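A.B. asks: what shape does this take:
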Amino acid sequence: SYYVWNKGVYYGDYLSYPNNWLDVFNDGTVWEWVDEREAYYLHQFSVHEVDLNWTNPLVMSEMKNVLTFWLDHDVDGFRIDAAPYYVESSTLENETRSDKDVDSSNYFYLNHTQTKDQPENYPIVKEWKEHINNYTASKGNDKVRFICTEGYSDIEYVMKWYDYDDDFPFNFYFIKDGDIANDAVIDTAEDIYDIFIEWLDNMPSGKTANWVLGNHDMNRIATRIGLYRTDGLHLSTLLLPGVFTMYNGDELGMTNTYLTWAETTDVRACSTTNTTYTLYSRDPVRTPYQWDNTTSAGFSTNSTTFLKVNPDYVTVNLAAEKEADFSHYQNIQKAIALRNTTVWEEGTVDVELIEDQMVGIARQLDGENPIVVLMNWENSTVTVDLDDYFDGLPDTLELVIADMYSGLNDNVGDTYEKSSIEVPEHGSMVLLGVSS
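C.D. replies: Coordinates of the predicted model:
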């Protein structure tokens with residue numbers, strides 16, 4: 001009873017699955033027959049990842065024991081994976097056909113109204129957070145411990161996690177457009193602006209925002225938008241309020257690594273074919289971290305690794321970016337330093353769409369030098385008068401960070417008049433107000 005079992009349905013003498021539900025990894029049915037039990041077990045993901053039966057109190061008790069084990073080992077934060085998939089509809093109703101032109105075994109063949117985003121998911125996470133809080137209280141301290149949930153869902157389902165003591169749900173809207181079926185559209189400055197505003201406007205008051213540009217399941221951000229735009233999006237999201245979640249290697253500008261069918265190991269891709277696997281494989285974003293230009297990028301002393309190292313490691317690596325005059329890594333470090341300022345911690349937030357091709361962000365607080373981020377998403381230079389979009393900025397601002405490909409690296413430290421700031425094509429700037 002720790003798992004979800006079902007005896008199946010007979011059609012005459014023929015035993016069939018309980019319903020038409022499909023697993024996320026495109027293997028077909030979520031149901032797997034076990035002779036010993038004479039029943040099917042449910043797996044929303046791989047056949048080797050058996051779903052737990054969260055209606056059984058013993059399962060919850062076991063999971064609390066797991067949490068306690070890690071709390072005893074000084075773990076302070078928990079990422080709750082695949083949170084929208086914990087509970088399925090008890091009616092076991094078939095799911096309806098989607099409008100996607102895919103094979104009938106493909107996950108996106110159906111609308112997942114019975115197996116995803118069920119209301120019973122939310123109290124499970126709330127109970128875990130209560131357990132963590134009770135543990136903290138029992139230790140007689142006020143140590144901060146948190147939970148964050150992972151899952152691709154429409155905005156109303158994601159925001160609901162805040163109501164159940166989730167410290168912050170992951171914001172995947174730069175990766176997927178709501179549900180997992182559709183990639184995020186980030187072609188224009190307005191697309192970027194809309195994603196920022198949707199989260200900030202829907203988030204309950206007093207809660208912590210989250211920003212995610214990449215993860216282990218989706219193409220790297222530099223591959224999706226181009227290296228020349230990567231710094232700008234990193235700087236913008238780092239300097240908005242909230243928790244920024246960085247996928248390792250993105251701070252270096254790491255890109256996807258090409259792997260052949262023979263080199264592919266991802267179970268989601270291996271269930272497809274040698275002509276379609278690249279549409280499903282997550283291996284290209286999971287190759288070794290590029291520490292330096294030694295054997296296997298410093299990841300291993302072995303010249304062969306489980307997933308091969310990206311050949312560009314000779315120049316794209318942490319050691320090189322630390323030593324360079326300017327680099328993606330150094331820009332990230334500068335932005336993180338600004339997150340330690342009072343104006344970032346307590347300042348107002350104003351996000352504006354500028355000339356339909358640029359996103360501007362201003363963080364202001366009385367008595368503090370404001371932070372301004374300008375990100376030009378298009379391939380033409382734009383000149384902006386900041387007074388047209390932001391109130392209360394000082395007349396002069398200093399350039400403190402310039403993106404790697406803007407041509408402005410040598411201008412860092414220069415001052416600009418707010419009435420006429422020229423931002424080059426695909427260029428991004430972080431400016432600090434200069435006190436008069």
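
A.B. asks: how about the helices in the stretch 301-436 of the chain?
C.D. replies: 318-323, 328-338, 342-346 (DSSP state H, counting those that start in this stretch).

A.B. asks: so which bits of stretch 348-365 are buried?
C.D. replies: By neighbour count with 16 or more other Cβ atoms under 10 Å, stretch 348-365 contains the buried residues 349-355, 357-365. Placement of C-beta: from N, CA and C, glycine included.

A.B. asks: contacts for stretch 78-93 next, please.
C.D. replies: Stretch 78-93 is contacted by residues 4, 6, 18-19, 21, 24, 42, 44-45, 51-52, 54-55, 67, 70, 113-118, 120-121, 124-125, 128, 132, 146-153, 157, 161, 166, 169 when judged by Cβ atoms under 8 Å, 6 or more residues apart in numbering.

A.B. asks: from these, which land in strands?
C.D. replies: 6, 42, 146-149, 169 (DSSP state E).

A.B. asks: kindly reformat those as a markdown table and extend each row with pLDDT.
C.D. replies: Converted to a markdown table, the ones in strands among the contacts of stretch 78-93 look like this (pLDDT from 0 to 100):
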| residue | pLDDT |
| --- | --- |
| Asn6 | 98 |
| Leu42 | 98 |
| Phe146 | 96 |
| Ile147 | 97 |
| Cys148 | 98 |
| Thr149 | 98 |
| Pro169 | 98 |
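
A.B. asks: any chance of those residues in JSON lines, with distance to Gly178 and neighbour count too?
C.D. replies: Shown next, in JSON lines, are the ones in strands among the contacts of stretch 78-93 (distance: Cβ to Cβ, whole Å; neighbours: other Cβ atoms under 10 Å):
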{"residue": "Asn6", "distance to Gly178": "30", "neighbour count": "14"}
{"residue": "Leu42", "distance to Gly178": "25", "neighbour count": "22"}
{"residue": "Phe146", "distance to Gly178": "25", "neighbour count": "16"}
{"residue": "Ile147", "distance to Gly178": "22", "neighbour count": "23"}
{"residue": "Cys148", "distance to Gly178": "19", "neighbour count": "20"}
{"residue": "Thr149", "distance to Gly178": "16", "neighbour count": "25"}
{"residue": "Pro169", "distance to Gly178": "13", "neighbour count": "26"}
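
A.B. asks: and the two most separated of the residues you listed?
C.D. replies: Across the ones in strands among the contacts of stretch 78-93, the longest distance by Cβ to Cβ is 36.0 Å; it joins Asn6 and Phe146.

A.B. asks: for stretch 246-265, measure first residue to last.
C.D. replies: 24 Å (Cα to Cα, to the nearest Å).

A.B. asks: roughly how far is that stretch from the heart of the chain?
C.D. replies: Using Cα atoms, centre = their mean, to the nearest Å, the mean C-alpha position of stretch 246-265 is found 16 Å from that of the whole chain.

A.B. asks: what residues of it count as buried?
C.D. replies: By neighbour count on 16+ other Cβ under 10 Å, the buried set for stretch 246-265 is 246-247, 249-257, 259, 264.

A.B. asks: which of these lies closest to Val102?
C.D. replies: Among these, Thr264 lies closest to Val102 (Cβ to Cβ), at 20.0 Å.

A.B. asks: which ones are touching Glu190?
C.D. replies: Shown in contact with Glu190 (Cβ under 8 Å, 6+ apart): 353, 356.

A.B. asks: ok, now how distant is it from Cys270?
C.D. replies: Distance of Glu190 to Cys270, given as Cβ to Cβ, to the nearest Å: 39 Å.

A.B. asks: burial count for Glu32?
C.D. replies: By the criterion of other Cβ atoms under 10 Å, Glu32 has 16 neighbours.

A.B. asks: so it: helix, strand or coil?
C.D. replies: strand (DSSP: H, G, I helix; E, B strand; the rest coil).

A.B. asks: my read: it touches Phe45, true?
C.D. replies: No: in this structure, Glu32 is not within contact of Phe45 by Cβ atoms under 8 Å, at 11.8 Å.

A.B. asks: pairing partners for the stretch of helix or strand Tyr40 belongs to, with directions?
C.D. replies: For Tyr40, the host element (DSSP states H and E) is strand 39-42. Paired neighbours of strand 39-42 in the sheet (DSSP bridges): strand 5-6 (antiparallel), strand 31-34 (antiparallel).

A.B. asks: okay if I get the ones you listed as JSON lines plus distance to Ile371?
C.D. replies: Listed next are the strands paired with strand 39-42 as JSON lines, based on distance: least, Cβ to Cβ, whole Å:
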{"stretch": "strand 5-6", "distance to Ile371": "55"}
{"stretch": "strand 31-34", "distance to Ile371": "53"}
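
A.B. asks: and of those, who's closest to Asn215?
C.D. replies: strand 31-34 (27.5 Å).

A.B. asks: just the mean pLDDT for the closest one, thanks.
C.D. replies: Strand 31-34 shows an average pLDDT of 98 in the prediction.
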